[in-house]
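Student: coordinates only, sequence not included:
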């Protein structure tokens, strides 16, 4: 049976959403809603690491893998979320291949990386996990965001860094960096997206992106993005609540 990580690495289309509320119940609602993966956002979200285990368990209860975007690419932050059971890490705000190389090393045990070794944590079944280090390393998904001009400038070199599985565009930040904030249909922004997709194809890794519009997913997949995030738990709730609050009763 093909695993989630194998699907992503093979470029098979998957659809996820960000978890921004820090809520175990919201995470479970999203897990029950048919998403292929969930991503806990510690960079911008309301919850911290103390709320992470509950969200990971909510995903696991329904066989939905949970990734985490930590606040930074520090070794201790990446290692801690992996020890808690995250299936992968999304690194924000990396600008150069050198920064990416250093960050990706935090996801792997030595000698491949510099992740601290501990076999008694949740991710290692509290001592019951008999996998060796390389098997564990191979099970972790590495996602690097492309959201700054330096990252876009170096995107081909970043995509080629060993251990990177997905390059993920942050549309708001990248469009702002290009001087066209929020103009996602602008030619300049679309050219940047095409460059990211080409870099990923050349490196045989997946391209990812966030969209607030579920109706654009097919278009993005056609453009070459296979790892697509649709909105977030908070945005989906706000949209549904606003629609309910403003709907007109039947005549």
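Tutor: Perfect, I can see it now. What you see is a predicted model; the values in this text were computed from it and never measured.

Student: Residue 198: neighbour count?
Tutor: For residue 198, the neighbour count with other C-beta atoms under 10 Å is 15. (Glycine included, C-beta is placed from N, CA and C.)

Student: so what's residue 68 bridging to?
Tutor: Note on residue 68: beta-bridge partners by DSSP bridges are residue 40, residue 89.

Student: Distance of residue 56 relative to residue 109?
Tutor: 20 Å (C-beta to C-beta, to the nearest Å).

Student: and if you look at residue 238?
Tutor: Counting by C-beta to C-beta, the gap from residue 238 to residue 109 is 40 Å.

Student: more neighbours, these two?
Tutor: More crowded of residue 238 and residue 109, by other C-beta under 10 Å: residue 109, with 20 against 12.

Student: Tell me who's in contact with that one.
Tutor: Neighbour list for residue 109: 115, 117, 133-134, 136-137 [criterion: C-beta atoms under 8 Å, 6 or more residues apart in numbering].

Student: residue boundaries of the helices in the stretch 51-200 of the chain?
Tutor: Remark: helices assigned in the stretch 51-200 of the chain by DSSP state H, counting those that start in this stretch are 52-60, 75-84, 97-105, 133-138, 149-153, 155-159, 171-177, 187-203.

Student: list the buried ones in the fourth one?
Tutor: Across helix 133-138, burial judged by 16 or more other C-beta atoms under 10 Å covers 136-137.

Student: which residues are contacting it?
Tutor: By C-beta under 8 Å, 6+ apart, helix 133-138 touches 5, 107-110, 112-113, 117, 124, 129.

Student: now do the third one
Tutor: Helix 97-105 has contacts (C-beta under 8 Å, 6+ apart) with 73, 78, 91, 94, 112-115, 142, 144, 154, 157-158, 160-164.

Student: Pick out the residue nearest the middle of this structure.
Tutor: residue 90 (4.7 Å; C-alpha atoms, centre = their mean).

Student: For it, give its distance to residue 219.
Tutor: Distance of residue 90 to residue 219, computed by C-beta to C-beta: 22 Å.

Student: Over to residue 248?
Tutor: Distance, residue 248 to residue 219, by C-beta to C-beta: 31 Å.

Student: try residue 9
Tutor: Taking C-beta to C-beta, one finds residue 9 at 23 Å from residue 219.

Student: Which PyMOL command selects the buried ones in the contacts of helix 97-105?
Tutor: Command for PyMOL that selects the buried part of those, burial taken from 16+ other C-beta under 10 Å:
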select buried, resi 73+78+91+94+112+113+115+142+144+154+158+160+161+163+164
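
Student: so what's the closest residue to residue 45 other than its chain neighbours up against?
Tutor: Closest residue in space to residue 45, ignoring its immediate chain neighbours: residue 20 at 4.3 Å, by C-beta to C-beta, 6 or more residues apart in numbering. Residue 20 is in contact with 41, 44-46, 232-235, counting by C-beta under 8 Å, 6+ apart.

Student: Distance of the closest residue to residue 188 other than its chain neighbours relative to residue 234?
Tutor: Distances taken as C-beta to C-beta, 6+ apart place residue 178 nearest to residue 188, at 5.6 Å, with adjacent residues excluded. Counting by C-beta to C-beta, the gap from residue 178 to residue 234 is 26 Å.

Student: before we move on, back to that, among the helices of the stretch 51-200 of the chain, which comes closest to residue 34?
Tutor: helix 52-60 (12.8 Å; C-beta to C-beta).

Student: Give me the contacts around that closest one.
Tutor: Helix 52-60 is contacted from outside by 19, 22-25, 27-28, 31, 38, 40, 42, 47, 65-66, 68, 81, 84-86, 122, using C-beta under 8 Å, 6+ apart.

Student: Also stretch 206-222?
Tutor: 8-9, 11, 13, 15, 18, 143, 165-171, 193, 196-197, 200-201, 224-231, 235.
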